[in-house]
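**Q** What shape does this take:
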Amino acid sequence: MGETKKFPKRLLVAIGGNAILPAGHKGTPDEQAAIAASTGRALRPLMELKNELIITHGNGPSVGMELMRQALSRERVAAMPLDICVAHTQGGIAYLLMQALENALREVGNPRHVVCLLTQVEVDPNDPAFRDPTKPVGYFYTVDEAQALTRELGWRMREDSNRGWRLVVPSPKPRHIVDISLIDALAKRGAVVIAGGGGGIPVVRDTRGVRHGIEAVIDKDLTSAHMANVLGITDMIILTAVKRVAIHFGTPAQRELDQVTLSEIRAYRDQGHFPAGSMGPKIDAAIRFLEGGGRRAVIGHLDEAVPALAGEAGTHIVADAR
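**A** Coordinates of the predicted model:
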C-alpha cells in the first residue's frame with residue numbers, strides 16, 4: 001500500500017447507490033447487511049490511514065423501492081413526500097454503513113469511530129430541474145409496465161441508457177449543505193463521517209430563514225463535489241461498479257481512460273460520451289469539483305479504493321496545468 005505520507009490528509013469518498021445495492025439484488029435485509037459488510041471491508045484500508053475521511057453515498061435504487069412500497073400500500077397507508085423518502089433512505093443506508101464500517105475496523109482491532117449525520121441540503125425552489133425532471137430512481141421497467149405506472153400513479157417515466165424505463169424526478173443543484181461545520185468538526189476529531197447520503201434531504205429556505213422540504217432527489221455526486229469544495233478537500237474519489245470511465249462505451253471503439261485533464265474530460269462530455277442516466281452525473285461532479293478548486297477526482301471500482309487513491313487503478317481526472 002506504500003507509505004501513508006503518499007496519501008492526502010483529507011479525503012472525500014462518494015459511494016454510488018448501485019455499489020451499495022448492485023443490480024440483480026432484491027434488497028432484502030440480509031442482502032443489504034451482507035453488501036454493507038463487504039463495503040466495510042473494501043473501505044477498511046482507507047479508514048486505517050491517518051486521515052480525515054468523509055463518506056457520502058447514493059440512494060437511487062433504495063428511494064425507488066421506498067416509492068414502490070408506498071404505491072403498493074397507498075390504499076392503507078398515507079404516502080410520504082419525496083423529501084421524507086430521501087430522509088428514510090439516508091438514515092437507513094447510513095445505519096447499515098456505520099455499523100459495517102465500525103465492524104470492519106474492530107475486526108482488525110482499530111478503535112476508530114464512525115458517525116453519520118442526517119444532512120439537509122438547500123436548493124433553489126426555482127431551479128429549472130423542477131420543470132424538467134431527469135433524475136432516474138428505482139427499478140427498471142418494460143415499456144408496458146412504465147405506461148401502466150404512468151396511468152395508475154402519474155409517474156413520469158423515461159428510458160434509461162437502453163436498460164429499461166425508470167421513474168424520473170426533479171434533481172436540483174445543491175446550494176448549501178446545512179450544518180457543514182459539524183461535518184468538518186467531526187472529521188477533524190478523527191471520526192469517519194458519513195454525510196450527504198442520497199445527495200442530502202432537499203430543503204428550501206424562505207426570507208425568514210425557515211426551512212421546509214421539497215420533493216426532489218439531489219444528485220449525490222454533485223453534493224459530494226460541493227461538500228469537498230466548501231471543506232477545502234483537494235482529492236475526491238467516486239466509487240462505483242465500474243473500474244474506469246470509458247469513451248465510445250459499448251462500441252468496438254470503446255477505450256478506458258486512465259488519466260485525463262479537466263479540459264480533456266470537458267471535451268469528451270461535450271462530444272456526448274457520458275449519458276445522463278449513467279456516467280454523466282459523475283463526470284459533471286468531477287468537473288464541478290475541479291472547477292471549484294479540487295486537485296484530483298478519481299472514478300473507480302469500490303473494491304479498488306486504495307489502489308485508486310494510490311494512482312494504480314481507476315480514472316484520474318486532474319486539474320489543467322497552470
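**Q** And the helices in this protein?
**A** Chain-ordered helices for the chain, with DSSP state H as the definition, fall at 17-20, 29-47, 60-72, 82-107, 143-153, 180-188, 220-230, 262-270, 280-291, 305-309.
**Q** deepest of those, which one?
**A** helix 220-230 (a mean of 25; mean count of other Cβ atoms under 10 Å). Heads up, the C-betas are built off the backbone N, CA and C, glycines and all.
**Q** What is that helix packed up against?
**A** Under the contact criterion of 3 or more Cβ pairs under 8 Å, 6 or more residues apart in numbering; DSSP states H and E, helix 220-230 touches strand 10-15, strand 52-57, strand 176-177, helix 180-188, strand 235-240, helix 280-291.
**Q** Return the distance of stretch 300-313 from the chain's centre.
**A** 17 Å (Cα atoms, centre = their mean, to the nearest Å).
**Q** Between the helices and strands packed on helix 220-230, which one is closest to Asp144.
**A** For the helices and strands packed on helix 220-230, distance to Asp144 was read as Cβ to Cβ. The smallest value, 27.0 Å, belongs to helix 280-291.
**Q** which outside residues touch that closest one?
**A** Helix 280-291 is touched from outside by 14, 16, 219, 221-222, 224-226, 228-229, 236, 238, 240, 245, 262, 265-266, 268-269, 274, 297, 299, 317-319, with contacts defined as Cβ atoms under 8 Å, 6 or more residues apart in numbering.
**Q** got the contact list for Ile54?
**A** Neighbours of Ile54 in contact, by Cβ under 8 Å, 6+ apart: 11-13, 183, 187, 192-195, 227-228, 231, 233.
**Q** cool, and Val203?
**A** Residues in contact with Val203, defined by Cβ under 8 Å, 6+ apart, are 83, 120-123, 178, 211-214.
**Q** Pull out the buried members of those residues.
**A** 83, 120-123, 178, 213-214 (16 or more other Cβ atoms under 10 Å).
**Q** now the contacts of Ile54 in CSV, with distance to Leu97 and pLDDT?
**A** Below are the contacts of Ile54 laid out as CSV (distance: Cβ to Cβ, whole Å; pLDDT from 0 to 100):
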residue, distance to Leu97, pLDDT
Leu11, 16, 96
Leu12, 15, 97
Val13, 11, 96
Ile183, 15, 97
Ala187, 16, 97
Val192, 10, 98
Val193, 11, 98
Ile194, 6, 97
Ala195, 11, 97
Met227, 16, 98
Ala228, 19, 98
Leu231, 20, 97
Ile233, 19, 96
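**Q** I'd like to know which of the helices and strands packed on helix 220-230 is closest to Ala148.
**A** helix 280-291 (27.8 Å).
**Q** hey, C-alpha coordinates of that closest one in PDB?
**A** Once non-C-alpha atoms are left out, helix 280-291 reads as follows in PDB (Å, rounded to 0.1, in the frame of the first residue of the first chain):
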ATOM      1  CA  GLY A 280     -22.800  11.700 -16.900                       C
ATOM      2  CA  PRO A 281     -23.500  12.900 -13.300                       C
ATOM      3  CA  LYS A 282     -20.200  11.500 -12.100                       C
ATOM      4  CA  ILE A 283     -18.300  13.400 -14.900                       C
ATOM      5  CA  ASP A 284     -20.300  16.600 -14.200                       C
ATOM      6  CA  ALA A 285     -19.400  16.300 -10.500                       C
ATOM      7  CA  ALA A 286     -15.700  15.700 -11.200                       C
ATOM      8  CA  ILE A 287     -15.700  18.800 -13.400                       C
ATOM      9  CA  ARG A 288     -17.500  20.900 -10.900                       C
ATOM     10  CA  PHE A 289     -15.100  19.700  -8.100                       C
ATOM     11  CA  LEU A 290     -12.000  20.600 -10.200                       C
ATOM     12  CA  GLU A 291     -13.500  24.000 -11.300                       C
END
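**Q** and this protein, what are its domains?
**A** Using automatic domain parsing, the domains assigned to the chain come out as 1-11+19-43+51-133+170-233, 234-322.
**Q** got CSV for those, with distance to Arg156 too?
**A** Formatted as CSV, the entries for the domains of the chain read as follows, by distance: least, Cβ to Cβ, whole Å:
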stretch, distance to Arg156
domain 1-11+19-43+51-133+170-233, 6
domain 234-322, 14
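**Q** Least confident of the ones you listed, on average?
**A** Within the domains of the chain, the least confident segment by mean pLDDT turns out to be domain 1-11+19-43+51-133+170-233, at a mean of 90.
**Q** measure the closest residue to Arg44 other than its chain neighbours to Asp235 for me?
**A** Spatially, and ignoring its direct neighbours in sequence, Arg44 is nearest to Ala104 (4.5 Å; Cβ to Cβ, 6 or more residues apart in numbering). Noted for Ala104: a distance of 22 Å to Asp235, by Cβ to Cβ, to the nearest Å.
**Q** how about the helices and strands packed on helix 220-230, which one is nearest Glu304?
**A** Checking those against Glu304 by Cβ to Cβ gives strand 235-240 as the closest, at 8.2 Å.
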